[in-house]
Each structure stands twice: as structure tokens, then as C-alpha cells.
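**Student:** Sequence and predicted structure are below.
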Amino acid sequence: MGYNHAQAKKRFLAEWRIKFRYYRQNGLTLEQILPLYKMYNAELRSDRCYYEQTEPLTDAEHDLRVAEEPVLATYNEFNWLDVLPDELARQLSGLPEERLRAFYLYRVQRYTQKEIAVKFHKSQVAVHFWIKQIAEI
């Protein structure tokens, strides 16, 4: 499913009207509200760029079926490589731990890329790149 900018903009404007009323009721001036509007609008544009330039990962893009293995419920983001085949675990063990943890959170714990980005203080695009890189192994 593609990104629908018109729908996103309509939703943004509806939410912004509510926020604007809230800010005015709490005593903010138009000069104080304008930078907030610019910030929220920049976030909308950033999301548009992200969704137009990325594709979601599909199960066909990788061989790791970790989310379907019930044995992983006993593992955590630090030791989940122990249940993988030796060759695959060896390939993955060479990657930075932060990227492996992000992949685990995405595939097993079902975190969104945005939640992972917040947790690691990285951009959502960087997290997407990490996950895609590991999925291609």
C-alpha cells in the first residue's frame, strides 16, 4: 500500500486545527504557534519522503523465520542468535550488536521501525537500512 499524501495532509490539517485551538486556549500567541506548525509540517514532509523512498520488508526477502519459531519466546534480544543455524549465526555475529538487537525487536518483538529508532536514538531511515541489511543475509 502506497503513501497517500492528500489523505495524510487532510489528516494533518484536521489534527492541526485541534492543536491550534488548544495552543490558543492556553495563551500562546501566533508568533509562538507558527514554529510549532512549521515543525509538525516538516515532520509530515519527512514522513512523505520516507514512505515514498522505502519499501516494506516481506517474508520472501529473507530466510530468517524467527518470528514463527516458538522457541524464541525463551530468548531475548541479546541471545537469540543461539537458536539459528551455525552458518547463519556466524554471518550475523560479525554485525554490530545494536543492529542485531534492532532486527530482533522488529522481527520477534514486533516493534515498529519508528519505535526502534526512538529506543536507539537513531533515524527511522537508519533502522530501516539495518533491518534490510540483515534480512538480505
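**Tutor:** Structure's in. What do you need?
**Student:** gap between the lowest-mean-pLDDT helix or strand in the chain and the chain center?
**Tutor:** Taking mean pLDDT, DSSP states H and E as the measure, the helix or strand of the chain with the lowest value is helix 86-93, at a mean of 79. Put simply, helix 86-93 sits 25 Å off its chain's centre (Cα atoms, centre = their mean, to the nearest Å).
**Student:** cool, stretch 91-100 as well?
**Tutor:** Relative to its parent chain, stretch 91-100 has a centroid offset of 18 Å by Cα atoms, centre = their mean.
**Student:** first vs last residue of it, how far apart are they?
**Tutor:** Across its full length, stretch 91-100 reaches 11 Å between end residues, using Cα to Cα, to the nearest Å.
**Student:** And that stretch, what's buried?
**Tutor:** Buried residues in stretch 91-100, counted by 16 or more other Cβ atoms under 10 Å: 92, 99-100. The C-beta positions use only the backbone N, C-alpha and C, and glycine is treated the same way.
**Student:** Dump those residues into JSON lines; add distance to Tyr22 as well.
**Tutor:** Shown next, in JSON lines, are the buried residues of stretch 91-100 (distance: Cβ to Cβ, whole Å):
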{"residue": "Leu92", "distance to Tyr22": "47"}
{"residue": "Arg99", "distance to Tyr22": "39"}
{"residue": "Leu100", "distance to Tyr22": "42"}
